[in-house]
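Enquirer: Give me a 3D structure for the following:
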Amino acid sequence: MMQNDILISIIVPVYNLQNDLERCVFSILSQSYKNLEIILINDGSTDKSLDVIQKLAMSDKRIVPISKSNGGVTSARFAGLRIAKGEYIGFVDGDDEIEPDMYEFLLRNILRYNADISHCGYQMIFDDGKVNDFYNTGKIVIQDRLKGLKDLLEGNYVEPGLWNKLFHNQLLKKLLENKVMDLSISINEDLLMNYYLFSYADKSIYEDRCKYHYYVRSESAVHSKISYSKIFDPINVRKIIMKEAQDKQISQIAERKFLGTCISVYNTLALNGLKRFPFEEKKIKEELIDSSELYKSSEKKQRIIIWMILHLSYGYEKIYKIYEKLFVNNRYK
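Expert: Residues are numbered from 1 along each chain as shown. Model (predicted):
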């Protein structure tokens, strides 16, 4: 029998989501698990999001409205965390939706397995109606601290987002107290926050059912124009994780993923034309040169690609564009 006396706080950062927020919040209000605190944080929106939040708050006493100056998604989440009363904390992006039983499902697993974190799979939903499941296999994985971190960093089935997870509030209190999060990071901030939370957790439970619906739109951040943050935030997050990693296995994964991220963002520049981004190209090459000891011991494929980036330059751009066109199956388009 599911306990109903456990309060779950759900934190929803809101920035210019006037057209999507009601749909998102209704999916939370419709949860089969009813003992919820729903914290809606208006992060300095310039549209009518605040009006929508106030309207929603009047409709259900479980909704707690907050308004603050714009500081980014991590700042908004932290504002919610500081007032959250729940024993467990979840996060939902304000333009997404959740299955009606998601929090009942996640809480049941936490209690059944005596875990600090419960997480699940998700669906990616596109403008044209296409849906991709990640991955809906039904498998159950019990993770101690080391396995949880390894699975998170490898990213083979554990999503680095915060939104398909339920956390014990003690993990998030520790994160607030330690003041380790860089609030200026706006890309891959979820991965970094998850890294700290999984490093605090003794036990996590993953069940691969697609309970979260992640909406991908052409105007979303995933498809936004190249910016300094989009190029260097992912690299900086991987550098922070490399620095924080204590276990040898975690360090090795972190190093490999750092190099992979440098390659990935360089490939993004190559697809958009390296001549348009001379500063960014130079900086990534400098990162790779400074990391020569890392890639000397990396897998052969990575070493070859890094050598090509450092020595072929525009020749690499032509090669990668052909490769991407012929072989890359991009599930996010």
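Enquirer: Listing request: residues of this structure with sub-threshold pLDDT.
Expert: Where the chain drops to pLDDT under 70, the residues are 1-2, 219-224, 329-333.
Enquirer: Helix, strand, or coil at the residue nearest the centre of it?
Expert: With distances taken as C-alpha atoms, centre = their mean, Gly161 lies nearest the centre of the chain, 2.5 Å away. Classification of Gly161 using DSSP: H, G, I helix; E, B strand; the rest coil returns coil.
Enquirer: In contact with the closest residue to it other than its chain neighbours: list those residues for me.
Expert: Once flanking residues are discounted, Gly161 sits nearest to Asp190: 4.8 Å by C-beta to C-beta, 6 or more residues apart in numbering. (Glycine included, C-beta is placed from N, CA and C.) Taking C-beta atoms under 8 Å, 6 or more residues apart in numbering, we find Asp190 in contact with 160-163.
Enquirer: do you know how far the residue nearest to the centre of the chain is from Asp233?
Expert: Distance of Gly161 to Asp233, given as C-beta to C-beta, to the nearest Å: 15 Å.
Enquirer: One more: Lys318?
Expert: Going from Lys318 to Asp233 by C-beta to C-beta gives 28 Å.
Enquirer: the more surrounded of the two?
Expert: Asp233 (20 against 11; other C-beta atoms under 10 Å).
Enquirer: Is that one in a helix, a strand, or coil?
Expert: Strictly by three-state DSSP, Asp233 counts as helix.
Enquirer: quick one, what contacts it?
Expert: The contact partners of Asp233, by C-beta under 8 Å, 6+ apart, come to 185-189.
Enquirer: for Ala79, same thing?
Expert: For Ala79, the contacting residues are 41, 66, 68, by C-beta under 8 Å, 6+ apart.
Enquirer: Any idea what the first one is bridged to?
Expert: Under the criterion DSSP bridges, Ile41 forms beta bridges with Pro13, Ile66.
Enquirer: Give the burial count for it, as a bare number.
Expert: Using other C-beta under 10 Å, Ile41 has 26 other residues around it.
Enquirer: Check the last one too.
Expert: Counted with other C-beta under 10 Å, the neighbours of Lys68 add up to 13.
Enquirer: Now which of the contacts of Asp190 would you call buried?
Expert: With burial judged by 16 or more other C-beta atoms under 10 Å, the buried subset of the contacts of Asp190 is 160-163.
Enquirer: Tabulate those (JSON lines), appending distance to Phe26.
Expert: Formatted as JSON lines, the buried ones among the contacts of Asp190 follow (distance: C-beta to C-beta, whole Å):
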{"residue": "Pro160", "distance to Phe26": "27"}
{"residue": "Gly161", "distance to Phe26": "21"}
{"residue": "Leu162", "distance to Phe26": "21"}
{"residue": "Trp163", "distance to Phe26": "16"}
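Enquirer: and of these, the nearest to Ala201?
Expert: Leu162 (13.5 Å; C-beta to C-beta).
Enquirer: quick one: contacts for that closest one?
Expert: Contacts for Leu162 (C-beta under 8 Å, 6+ apart) come out as 77, 91, 190, 193-194.
Enquirer: The same query, at a cut-off of 10 Å, please.
Expert: By C-beta atoms under 10 Å, 6 or more residues apart in numbering, the contact list for Leu162 reads 11, 73-74, 77, 89-93, 119, 189-191, 193-194, 197.
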